[in-house]
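[1] got a structure for you, letters missing:
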């Protein structure tokens, strides 16, 4: 039972993390300009 709860918590945490990450990447891309690709901020 604990494994199911841990998996659900990890799933929701990963969703929340990726939503914040994509939002921040979009903000950076929006303010820097379309001349730079978002891939440069990943690495």
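    Sure thing, it's come through. In this text, all values refer to a predicted model and were calculated from it rather than measured experimentally. Numbers count the residues shown, from 1 in each chain.
[2] Reduced to three states, what does residue 16 come out as?
    The assignment at residue 16 comes out as helix when based on DSSP: H, G, I helix; E, B strand; the rest coil.
[3] Now do the helices in this structure.
    Here the chain has its helices, by DSSP state H, at 2-32, 39-42.
[4] Dump those helices to TSV, plus mean pLDDT and mean neighbour count.
    For every residue, glycine as well, the C-beta is placed using N, CA and C. Listed next are the helices of the chain as TSV, based on pLDDT from 0 to 100; neighbours: other Cβ atoms under 10 Å:
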stretch	mean pLDDT	mean neighbour count
helix 2-32	81	10
helix 39-42	54	10
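[5] ok, now how distant is residue 23 from residue 16?
    Between residue 23 and residue 16 the computed distance is 11 Å (Cβ to Cβ, to the nearest Å).
[6] Now do the contacts for residue 7.
    Contacts here follow Cβ atoms under 8 Å, 6 or more residues apart in numbering; on that basis residue 7 touches nothing.
[7] typo on my end, it should be residue 27
    So, once contact is read as Cβ under 8 Å, 6+ apart, residue 27 ends up touching nothing.
[8] How much space separates it from residue 14?
    Here the criterion is Cβ to Cβ. By it, residue 27 lies 20 Å from residue 14.
[9] Please apply the same query to residue 26.
    Summarising the geometry, the distance separating residue 26 from residue 14, computed by Cβ to Cβ, is 18 Å.
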